[in-house]
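[1] what follows is a predicted structure for the sequence shown.
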Amino acid sequence: MSEIEVMTTASLGDTGYLLVSGDEAALVDPQRDSWELLESCASRGVRIRYVLETHVHNDYVSGALEVRAATGATVAGPARAPYAFDHLGLAEDDEISVGDVTVRAMETPGHTAEHTSYLVFDDTARPPTAVFTGGSLLVGNAGRTDLAGPGRTEELARAQFRTLGRLALLPDATRVLPTHGAGSSCAAGPVAGERTSTVGAERRTNPVLAARDEEEFVRGRLTGLPPYPAYYRHMAPINRRGPHVLGGPPAPRPLTPAVVEGLAGGGAQIVDGRGRAEFAAAHLPGALCDELDDRFASLVGEIVPFGTRLVLVLPEPEEDAAREAMTQLLRIGYEDVAGYLAGGVAAWAAAGRPLRSLRTADAAELAGRLDGRRVLDVRPGHPEGGIPGTLRVPLAELPHRLGELPRDEEVYVVCGTGRRAAIAAGLLDRAGIPVTAVISGGVRDLTEHERSGP
């Protein structure tokens, strides 16, 4: 019998899996920072024989080569994936053994052209007990089909329809183990909060399996796709080529104010991971506010050009925060982190260097007092509702659209909760645009007041 351990990376909305049978294991779609897992396997006497990739990932840097370097495991993946490194290509019905378990490849194109799922058989004379579905069948949805570019979206959507039809024919009790889940931009829309499911449950509740025919399914796949982060376009080339091996967790480097000043003068971007109110009260010139939580790296990936050198300003304890921030950034390929400002803003000020501040507002206090004010809504995508007369620019597009904003009047920046508004305000302030950030509450608070009246 096999055991399957579920490993969720909340910051990316993704899940990897460790399939264990006896003293052997296969690791499915691992993140780059799998070092603790490898230590755990070693301490348990479990040998990782294979790293299984369901597809060439668009949302994170694969950990396959890290695992291979540390354990000698064989990297196995879709036969049609154009990997530039040695690997075991698996086509339809190809099998590998992990302990007493058989893993069988099932070609499931759609999310990507080469996408492959893996059926798990504890006994090949019986139905599969589980299927690793990667970015094909998700819990409550399916993987998007537009990541290869608009020229292939319809082709892949049609392939996804056929793929989902095949997966839906598996026995009801078959566990559905997708890679993408809640919080992942690789999904074609909202997904359930649960990370795993069964074929029977998905057949009953997943709307993508309810399409009456292929044309209806394709129409649904081609409309209303949510935006995905700009860094995505760099991930597949890195994963096809094979990311370089890090060999272990990042080592944060403390920096003095003088060094940070020099780095910033040389083009490094300062990213401030403290709370938005702290940032607004005092921050380094040119810094951007991005609170250090599960969304930290993905928001960096929206607004900071890929490959930019980074300097971090962090909450205490700084070294622990730096390790978390750097790990998140490594997952999406932002490797050039020079270090963190030791002592933070206090050390910067003590060294006699200037600080900047931002005006802030609370949505509840601002409600009903927006007439005649210039309002910028930076919520992602095309959200419903809004404030009449508002300029809408999703945060990810803002760095390239600052020229659309006036420089002779105050701009009030709003979003859903204040998180993105704080980031946007840093961009505007850096560009010399007068700005007030609505850092508490958001558009819903403002529009509810408008509907209810003063």
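    All right, it came through fine. Residues are numbered from 1 along each chain as shown.

[2] could you use CA atoms for every contact and neighbour count after this?
    OK.

[3] measure I238 to V67 for me?
    In this view, I238 and V67 are 16 Å apart by C-alpha to C-alpha, to the nearest Å.

[4] the two: which has the busier surroundings?
    A count of neighbours by other C-alpha atoms under 10 Å puts V67 above the other of I238 and V67, at 27 against 19.

[5] who's in contact with that one?
    34, 38, 51, 73 (C-alpha atoms under 8 Å, 6 or more residues apart in numbering).

[6] most neighbours, which of the residues you listed?
    Result: V51 is most packed of these (other C-alpha under 10 Å), 26 neighbours.

[7] let me know the pLDDT of S185.
    Predicted confidence (pLDDT) for S185: 90.

[8] that one reaches A230, doesn't it?
    No: using C-alpha atoms under 8 Å, S185 is not in contact with A230; the gap is 11.0 Å.

[9] coming back round to it: and the contacts of V67, which of them are in strands?
    Using DSSP state E, V51 are the members of the contacts of V67 that sit in strands.

[10] and which of the contacts of V67 is nearest P178?
    V51 (15.7 Å; C-alpha to C-alpha).

[11] measure stretch 205-218 end to end?
    Distance between the two ends of stretch 205-218: 19 Å, counting by C-alpha to C-alpha.

[12] pick out the most distant pair among the contacts of V67.
    Among the contacts of V67, S34 and A73 lie farthest apart (C-alpha to C-alpha), at 13.4 Å.

[13] I48 and F132, how far apart?
    Distance from I48 to F132, by C-alpha to C-alpha: 17 Å.

[14] in terms of neighbours, single out the busier of those two.
    Remark: of I48 and F132, F132 carries more neighbours, 28 against 25, as counted by other C-alpha under 10 Å.

[15] let me know the pLDDT of that one.
    Reported pLDDT for F132: 98.

[16] let me see the contact set for it.
    Contacts of F132 by C-alpha under 8 Å, 6+ apart are 28, 54, 117-119, 176-179.

[17] got JSON lines for the residues you listed, with neighbour count, distance to V414 and secondary structure too?
    As requested, the contacts of F132 are arranged in JSON lines below (neighbours: other C-alpha atoms under 10 Å; distance: C-alpha to C-alpha, whole Å; DSSP: H, G, I helix; E, B strand; the rest coil):
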{"residue": "V28", "neighbour count": "27", "distance to V414": "40", "secondary structure": "strand"}
{"residue": "T54", "neighbour count": "29", "distance to V414": "39", "secondary structure": "coil"}
{"residue": "S117", "neighbour count": "30", "distance to V414": "42", "secondary structure": "strand"}
{"residue": "Y118", "neighbour count": "29", "distance to V414": "44", "secondary structure": "strand"}
{"residue": "L119", "neighbour count": "22", "distance to V414": "46", "secondary structure": "strand"}
{"residue": "V176", "neighbour count": "26", "distance to V414": "39", "secondary structure": "strand"}
{"residue": "L177", "neighbour count": "28", "distance to V414": "37", "secondary structure": "strand"}
{"residue": "P178", "neighbour count": "27", "distance to V414": "34", "secondary structure": "strand"}
{"residue": "T179", "neighbour count": "30", "distance to V414": "33", "secondary structure": "coil"}
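
[18] could you dump those residues into JSON lines with distance to F161 added?
    Listed next are the contacts of F132 as JSON lines, based on distance: C-alpha to C-alpha, whole Å:
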{"residue": "V28", "distance to F161": "24"}
{"residue": "T54", "distance to F161": "18"}
{"residue": "S117", "distance to F161": "15"}
{"residue": "Y118", "distance to F161": "18"}
{"residue": "L119", "distance to F161": "19"}
{"residue": "V176", "distance to F161": "17"}
{"residue": "L177", "distance to F161": "19"}
{"residue": "P178", "distance to F161": "17"}
{"residue": "T179", "distance to F161": "18"}
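
[19] distance to S21 and pLDDT added to these, as a markdown table?
    Shown next, in a markdown table, are those (distance: C-alpha to C-alpha, whole Å; pLDDT from 0 to 100):
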| residue | distance to S21 | pLDDT |
| --- | --- | --- |
| V28 | 14 | 98 |
| T54 | 20 | 98 |
| S117 | 19 | 98 |
| Y118 | 16 | 98 |
| L119 | 15 | 98 |
| V176 | 19 | 98 |
| L177 | 17 | 98 |
| P178 | 20 | 98 |
| T179 | 21 | 97 |
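
[20] of all those, which comes closest to W348?
    Distances from W348 to the contacts of F132, taken as C-alpha to C-alpha, are shortest for T179 (42.4 Å).

[21] low pLDDT regions in the stretch 101-250 of the chain?
    Nowhere does the stretch 101-250 of the chain drop to pLDDT under 70.

[22] what residues does stretch 213-220 touch?
    154, 157-158, 161, 208, 211.

[23] just the ones of those residues in helices?
    Among these, DSSP state H puts 154, 157-158, 161 in helices.

[24] most neighbours, which of the residues you listed?
    Neighbour max across the ones in helices among the contacts of stretch 213-220 (other C-alpha under 10 Å) = A157, 27 neighbours.

[25] look up how far G143 lies from that one.
    10 Å.

[26] likewise for L402?
    33 Å.

[27] one more: R221?
    On the measure of C-alpha to C-alpha, R221 and G143 end up 10 Å apart.

[28] find the residues that touch each one of the two.
    With C-alpha under 8 Å, 6+ apart as the test, R221 and G143 both reach A188.

[29] the more surrounded of those two?
    A count of neighbours by other C-alpha under 10 Å puts G143 above the other of R221 and G143, at 29 against 25.

[30] check contacts around the more buried one.
    G143 touches 110-111, 135-137, 180, 186-188, counting by C-alpha under 8 Å, 6+ apart.

[31] let's see which of the residues you listed end up in strands.
    Per DSSP E, those never map to strands.

[32] farthest pair in those?
    G110 and H180 (14.0 Å).
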